[in-house]
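>>> just coords:
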């Protein structure tokens, strides 16, 4: 599936259930894991779970099977891996704590520095 089609599918699924503050980050030059990250906020853990489930259902209805879903019904952060697009759905508190938008915007473009920055992020995440 073309990345723009996949992005629009995920955004439509998020908007359908009233996700807040949807942001997209082009990370293609920063990582080989994915090309685009979508970040959205939910109002409660139930809303976060429902948003993630809607993304998964819309993807499956389009013939795409997500590579994985991390987080659960009572999670403050759920990740849906659609391959070229990774969708992060978070409570506002978790979104502010991990600040993925700033993390990815601040990453340098060379691989060694990226690896070091991600290591620092992982260390910060395990402290919380």
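Yep, it's here. All of these numbers come straight from a predicted model, not from anything done at the bench. Numbers count the residues shown, from 1 in each chain.

>>> Now do the contacts for residue 65.
The contact partners of residue 65, taken as Cβ atoms under 8 Å, 6 or more residues apart in numbering, are residue 59. To be clear about C-beta, it is placed using only N, CA and C from the backbone, and glycine gets the same treatment.

>>> Now the residue nearest in space to the middle of the chain: which helix or strand?
Within the chain, the residue whose C-alpha comes closest to the C-alpha centroid is residue 88; the distance, by Cα atoms, centre = their mean, is 2.3 Å. Assigned by DSSP states H and E, residue 88 belongs to strand 85-90.

>>> Which neighbours in the sheet does that strand have, and how are they oriented?
Strand 85-90 pairs in its sheet with strand 36-41 (parallel), strand 77-81 (antiparallel), by DSSP bridges.

>>> list the buried ones in the last one?
If I follow you right, that is strand 77-81. Burial within strand 77-81, assessed by neighbour count using 16 or more other Cβ atoms under 10 Å, is assigned to 77-80.

>>> Give me the contacts around it.
Outside strand 77-81, the residues that touch it by Cβ under 8 Å, 6+ apart are 10, 34, 48-49, 51-52, 55-56, 59, 66-72, 86-91, 94, 98.

>>> Just the buried residues out of these, in ChimeraX syntax.
Here is the ChimeraX selection string for the buried members of the contacts of strand 77-81, based on 16+ other Cβ under 10 Å:
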select :10,34,48,49,51,52,55,56,59,66,71,86,87,88,89,90,91,94,98
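
>>> Narrow the contacts of strand 77-81 to those in strands?
Judged by DSSP state E, strands contain the following of those: 68-70, 86-90.

>>> tell me which of these is nearest to residue 24?
Distance to residue 24, by Cβ to Cβ, is smallest for residue 87 among the ones in strands among the contacts of strand 77-81, at 10.0 Å.

>>> Quick check: that closest one touching residue 48?
No. Counting by Cβ atoms under 8 Å, residue 48 is not a contact partner of residue 87; they are 11.2 Å apart.
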